[in-house]
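Asker: next input, structure requested:
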Amino acid sequence: MIVQLPPGLWGISLLGYLLMLGDLPHRTLHQMAQKYGPIMQIRLGLMPTVVVSSAQVAELFLKTHDNVFAGRPYIMGSQYMSYGNKGVLFSQYGTYWRYMRKLYTIELLSAAKVDSFK
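Answerer: Residues are numbered from 1 along each chain as shown. Model (predicted):
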């Protein structure tokens, strides 16, 4: 399966586009959006990053197709730090993650529990 990537710049080898963003990165990204469109790809360090600069496209990413983009990258260190990716921070989005988030919210982060921790 061939994936069509959005247009954009890759920058220099190890740093990507980090140094080229300058002191005002929001202005640099705005200029790039004028040239490449509302969705573009840049490299931040070694990580390819998709930049969305339109409210309509951001709504597609964050609201309509949120399940597709909700996953987390696999990090080998997290396998050992969170007992096999069982924590909320490192587990993949799904039924287990939703259950754990509900458990944290009800049991640890409720107003009564937070007050009792004081």
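
Asker: okay, the nearest residue to Gln92 once chain neighbours are set aside and Tyr83: tell me how far apart.
Answerer: If the residues on either side of it in the chain are set aside, Gln92 comes closest to Gly71, at 5.7 Å by C-beta to C-beta, 6 or more residues apart in numbering. (Each C-beta comes from the backbone N, C-alpha and C, glycine too.) Taking C-beta to C-beta, to the nearest Å as the measure, Gly71 and Tyr83 are separated by 19 Å.

Asker: please apply the same query to Thr49.
Answerer: The span separating Thr49 from Tyr83 equals 29 Å under the rule C-beta to C-beta.

Asker: ok, the two, which is more surrounded?
Answerer: Neighbour totals were compared for Thr49 and Tyr83, and Thr49 leads with 13 against 10 (other C-beta atoms under 10 Å).

Asker: surely that one meets Gln41?
Answerer: Yes - applying C-beta atoms under 8 Å as the test, Thr49 and Gln41 come out as touching, 6.9 Å apart.
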